[in-house]
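A.B. asks: Sequence and predicted structure below; questions after.
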Amino acid sequence: MASPSPRKTRSLIFFIVLNVLSLVCLAWALHGLHFRQLMHRFAHLHWGWVSLAIIASLLSYVVQGWRWSLLLAPIAAIPIRRCIRAVFVGVYANEVLPLRSGEIIRCYLLARASEIPVSVTLASALIERVFDGIWLIVALFVALHTIELPPFIRHSGVFLGILILVCGALLAVAMYWREQTLDLLLNARWFGWIHVLIKDLHLIGHSRFLYYAFGLSLPYGLLQVFPIYAVLRAYDGLSTLPWMAAFTVAIMLRFNAIVPQAPGNFGTYPTAVMLALNLKPFRPIAKYLPARHAVRAVDPFREMTREFSFILLAIMTAPLLVAGFIAVAFTGTKLGDIHRGAKDSMQDRDAVPVGDNADESAGLS
């Protein structure tokens, strides 16, 4: 029997490590959680605010689909609804599959339904991530001048800033100096697959729609902050927390989502929310605990944030599962088949699936 390749072995080790980390974080978040109390809190939420949170959350992905269609406008006039469906399929895949597979799946799905290659959709998704990273750095800068963030967040912000700067510079070179970049890479056999990507980036970069998409990234980000604020208002014990609390939770969740991990970030999501809300500026109750009982006494504020983290996870996840399931149904294909097709397409990055297969992509047309 043939031994597994080193690449598969590394992937397996990476997968195991990430899942162990998620389980450790989940165990920490669940420790001390009283499920009866959690269900009581959930039943007594202010459902008007919950409804607004769900609407804003779903709307943010509609805006993402609109932004994606703008980025791809120089290549092909893709209907916005097609991009939105692909986005929701990708979000659904992220919730049920590990390692954030939805990013690749949505790019593959849109390429399969359009007259553009996978490399173009991948390039546009990369540009989206750079846009989001820029706004995340801006948000982090605002937060740093308002509250005291943990050192690891500050250090992560510096690392992310450097990464965004490097990626942005590479994208700028590819978009505005195509011929020079191709000449540089022409004889680099290990980077041959980048050639097609550079040509596609050049087309996107010389369009005014690139700047429209960047501007649209701001409301997209704000629409991801508002649901957190709305759920805070819906939860009686934390309803007095300011906008900055929701802002900080959103920043923590964005950093948390950068690292590929278990489906839906289920283990680390509650941990990120708790860490954000238990920063000093947001702990109005803890300071009243008697010092002599500080070690052994139950911290009511921490317990509320523990419950809130799982309530927020449920409210943010359930509508995406429903919307994503419907989007997958419109494709006329099972998610597993789409996932396999996306993996196969990534094994041959120079392949150009175009509109000849568009008729097979039911639902996205």
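C.D. replies: Thanks, I have the structure now. This one's a predicted model, so the numbers in the text were calculated from it and none came from an experiment.
A.B. asks: ok, the residue sitting nearest the centre point of the chain - contacts?
C.D. replies: Against the mean C-alpha coordinate of the chain, by C-alpha atoms, centre = their mean, the closest residue is residue 257 at 5.3 Å. Listed by C-beta atoms under 8 Å, 6 or more residues apart in numbering, the contact set of residue 257 reads 100, 265. In short, each C-beta sits where N, CA and C put it, glycine included.
A.B. asks: That one sits in which helix or strand?
C.D. replies: helix 243-258 (DSSP states H and E).
A.B. asks: What's the mean pLDDT across that helix?
C.D. replies: Regarding helix 243-258, the rounded mean pLDDT is 87.
A.B. asks: which helices and strands does the helix or strand just after that helix pack with?
C.D. replies: The first helix or strand that comes after helix 243-258 along the chain, using DSSP H and E, is helix 268-277. Counting contacts by 3 or more C-beta pairs under 8 Å, 6 or more residues apart in numbering; DSSP states H and E, helix 268-277 packs against helix 6-30, helix 243-258, helix 300-331.
A.B. asks: Work out the gap between helix 268-277 and the centre of the chain.
C.D. replies: Centroid separation between helix 268-277 and its chain, computed with C-alpha atoms, centre = their mean, to the nearest Å, is 16 Å.
A.B. asks: ditto for stretch 86-103
C.D. replies: 9 Å.
A.B. asks: residues in contact with it?
C.D. replies: Residues contacting stretch 86-103 (C-beta under 8 Å, 6+ apart): 15, 18-19, 61, 64-65, 68, 105-107, 109-110, 113, 125, 257, 260-264, 317, 320-321, 323-328, 331, 335, 338-339, 342, 364.
A.B. asks: Now it: buried residues?
C.D. replies: 86-97, 99-103 (16 or more other C-beta atoms under 10 Å).
A.B. asks: and what of stretch 304-314?
C.D. replies: Buried residues in stretch 304-314 (16+ other C-beta under 10 Å): 304, 305, 306, 307, 308, 309, 310, 311, 312, 313.
A.B. asks: tell me the contacts of the third one?
C.D. replies: Applying C-beta under 8 Å, 6+ apart to residue 306 gives the contacts 29, 32, 33, 270, 274.
A.B. asks: I'd like the list of the buried residues of stretch 86-103 that fall within helices, please.
C.D. replies: Using DSSP state H, the subset of the buried residues of stretch 86-103 located in helices is 86-96, 102-103.
A.B. asks: For those residues, give me a markdown table that also has pLDDT and distance to residue 154.
C.D. replies: Output for these, formatted as a markdown table (pLDDT from 0 to 100; distance: C-beta to C-beta, whole Å):
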| residue | pLDDT | distance to residue 154 |
| --- | --- | --- |
| 86 | 95 | 35 |
| 87 | 96 | 31 |
| 88 | 97 | 34 |
| 89 | 95 | 36 |
| 90 | 94 | 31 |
| 91 | 93 | 29 |
| 92 | 94 | 34 |
| 93 | 92 | 32 |
| 94 | 89 | 27 |
| 95 | 88 | 30 |
| 96 | 87 | 34 |
| 102 | 88 | 29 |
| 103 | 89 | 27 |
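A.B. asks: Tell me the one among these nearest to residue 141.
C.D. replies: residue 103 (25.9 Å; C-beta to C-beta).
A.B. asks: rewinding a little: how about the helix holding residue 257: buried residues?
C.D. replies: 244-257.
A.B. asks: circling back: and the helices and strands packed on helix 268-277 as CSV, adding distance to residue 206?
C.D. replies: Listed next are the helices and strands packed on helix 268-277 as CSV, based on distance: least, C-beta to C-beta, whole Å:
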stretch, distance to residue 206
helix 6-30, 37
helix 243-258, 29
helix 300-331, 32
